[in-house]
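1. Sequence and predicted model, in that order:
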Amino acid sequence: MVDFTYFMPTKIFYGKDCVIKNGTVLSTLGKKAMIVTGHSSAKKNGALTDIRSALEWAGIAWILFDAVEENPSVQTVEQGAALAREKGVDFFIGIGGGSPMDAAKAMACLAANPQKSGEDLYGAAMSHLPVVAIPTTAGTGSEVTQFSVLTRRSMRTKASISTHVFPVFAFLDGKYMDTLSARVTNETAVDALSHLTESYFHAQSNIMSEIAVESGFFMFAKCIPSLRKRNYTSSDRQALLLASNLGGIAIAQTGTSLPHGLGYFLTYEKGIPHGRANGLLMGAYLDLFMEKEGEKIQKMLSLLGFSSLEELKAFFKEVLDTPETFSDAQIKDFTKRVMEAPAKLASFPYPVTEEVIYELYAKSLL
Ligand code: NAP
Ligand code: FE
């Protein structure tokens, strides 16, 4: 049994209209909020309307920063934080997929530390203002993780900032997902399944993370037929949101593993969406330990309702669209860059060499 520390400080409100029903808790965080969103989805899916009503009801002033791009950059975070400081914001509310939620966490750090620049987010840990998270995709689980993954152009990749920023409150309402396209629904669902899987087979996997993962697999199984049909009921949306949240609780304990570490280069260099990048690598990743972890693999398959690993691998292909093409030279370059920052390799419980990484990319992408 692995030693562990369990920490999950985020208060979760789950259910239809949970923002409106519980919004008064926001008054414990201050008198002025900055709402952080992507360009348009929060305006269309009802989440922005709900949070504005809750804030107005609680007598909290707010400003909107609605310019977070997918895979948010350090530069966007700097802009948001500068505006927050200028306007005297007390706390942040990230609404969206992982991109706005992660951007809000990093802005909360820079807003509390005016002397720091975006690059300092990768230095020593710093204090931060409180953050509230409202997920509108069912994938990242960022509403319950301490991670904020930003595009770091100076390092030509994506990386999580050093400071751990757990949201204080997370509001989970599946109705915000009704406006999601089938493509984004499936890609983000694959991210959730990647979190569950990578946590389960992580070097730090432990009894507490596994409780979350196994419940997450069970919830995810309910949604598999709808992901295949690309047609989702509201109960599918709610189950997916819970599976994603359980994946977040799990990676908050263990971290992610090789598919995430290798996938960041696919997103940075080829613009491949995050969940899809993980999904492309998942089959070859599972092959690395299918014999050593036979019993645990069987448990995962049975909770997910698959009869074999081949069926699970086929599922990843089936729910993602046609693969992009890669060259051997690109894969060699990604492999070299993974080996230059080897921290992620420690997440894998078996020895990982440059050859293993190259093979994982080659098997997945060539
Ligand atoms: P995203 O980049 O946040 O959003 C993808 C797209 O979906 C955007 O075009 C967005 O539009 C749209 N969208 C979001 N919600 C919608 C809704 N309800 N209806 C219609 N469209 C909607 O995607 P994501 O996959 O959720 O997040 C990916 C990011 O999270 C990556 O940067 C990844 O590295 C990070 N991540 C973080 C963690 C963590 O623990 N912190 C874990 C995994 C991944 P708008 O731009 O208009 O909003
Ligand atoms: Fe992820």
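-> The structure has been received and is ready for your questions. Ligands and ions are numbered 1, 2, ... in the order given.
2. remind me which residues of the stretch 51-200 of the chain are low pLDDT?
-> For the stretch 51-200 of the chain, no stretch has pLDDT under 70.
3. Contact residues of it facing ligand 1?
-> By C-beta under 6 Å from any ligand atom, the residues of the stretch 51-200 of the chain that approach ligand 1 are 70-71, 96-99, 102, 136-137, 139-142, 145, 147-149, 158, 176-177, 179-180, 184, 188, 191. Using the backbone N, CA and C atoms, a C-beta is placed for each residue, glycine as well.
4. Just the buried ones from those residues?
-> 70-71, 96-99, 102, 136-137, 139-142, 145, 147-149, 158, 176-177, 180, 184, 188, 191 (16 or more other C-beta atoms under 10 Å).
5. So which of those belong to strands?
-> Gly96, Val149, Lys158 (DSSP state E).
6. Please give me every residue in contact with the residue nearest to the first one when sequence neighbours are not counted.
-> Read it as Gly96. Of all residues not flanking Gly96 in the chain, Gly38 sits nearest, at 4.8 Å (C-beta to C-beta, 6 or more residues apart in numbering). Counting by C-beta atoms under 8 Å, 6 or more residues apart in numbering, Gly38 makes contact with Asp66, Val68, Glu69, Glu70, Gly96, Gly97, Ser99, Pro100.
7. how much space between Gly38 and Met101?
-> Distance check for Gly38 against Met101: by C-beta to C-beta, to the nearest Å, it reads 10 Å.
8. wait, doesn't Thr267 sit right on Glu70?
-> No: using C-beta atoms under 8 Å, Thr267 makes no contact with Glu70, being 9.0 Å away.
9. So for this structure, the centremost residue is which one?
-> By C-alpha atoms, centre = their mean, the mean C-alpha position of the chain lies nearest to Thr140, the distance being 2.4 Å.
10. Leaving out sequence neighbours, find the closest residue to that one.
-> Per C-beta to C-beta, 6+ apart, closest to Thr140 is Gly98, 3.2 Å.
11. Can you work out which other helices and strands pack against whatever helix or strand Ala133 lives in?
-> Using DSSP states H and E, Ala133 falls within strand 131-135. Packing partners of strand 131-135 (3 or more C-beta pairs under 8 Å, 6 or more residues apart in numbering; DSSP states H and E): strand 91-96, helix 98-112, strand 169-172, helix 234-254.
12. contacts for that strand?
-> By C-beta under 8 Å, 6+ apart, strand 131-135 touches 10, 19, 26, 29, 33, 47, 51, 91-97, 101, 104-105, 108, 141-144, 165, 167-173, 176, 241, 244-245.
13. how close does Glu78 sit to ligand 1?
-> Using C-beta to the nearest ligand atom, to the nearest Å, we find Glu78 at a distance of 17 Å from ligand 1.
14. List of residues touching whichever strand or helix holds that residue?
-> Here Glu78 sits within helix 74-87, counting by DSSP H and E. Defining contact as C-beta under 8 Å, 6+ apart, one finds that helix 74-87 is touched by 32, 34, 36, 63, 65, 67-69, 92, 103-104, 106-107, 109-111, 114, 117-119, 121, 129, 150-154.
15. next one: it to chain centre, how far?
-> 22 Å (C-alpha atoms, centre = their mean, to the nearest Å).
16. relative to helix 98-112, how tilted is it?
-> Per axes from the mean of the first three to the mean of the last three C-alpha atoms, to 10 degrees, the angle that helix 74-87 makes with helix 98-112 is 50 degrees.
17. With only the CA atoms kept, save helix 74-87 in PDB.
-> Output of helix 74-87 as PDB, limited to C-alpha atoms (Å, rounded to 0.1, in the frame of the first residue of the first chain):
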ATOM      1  CA  VAL A  74       0.800  33.400 -20.000                       C
ATOM      2  CA  GLN A  75       0.300  36.700 -21.800                       C
ATOM      3  CA  THR A  76      -3.600  36.500 -21.600                       C
ATOM      4  CA  VAL A  77      -3.300  35.800 -17.900                       C
ATOM      5  CA  GLU A  78      -1.100  38.900 -17.500                       C
ATOM      6  CA  GLN A  79      -3.700  41.000 -19.200                       C
ATOM      7  CA  GLY A  80      -6.500  39.700 -17.000                       C
ATOM      8  CA  ALA A  81      -4.500  40.100 -13.800                       C
ATOM      9  CA  ALA A  82      -3.600  43.700 -14.700                       C
ATOM     10  CA  LEU A  83      -7.300  44.600 -15.300                       C
ATOM     11  CA  ALA A  84      -8.200  42.900 -12.000                       C
ATOM     12  CA  ARG A  85      -5.600  44.900 -10.100                       C
ATOM     13  CA  GLU A  86      -6.700  48.200 -11.700                       C
ATOM     14  CA  LYS A  87     -10.400  47.500 -10.800                       C
END
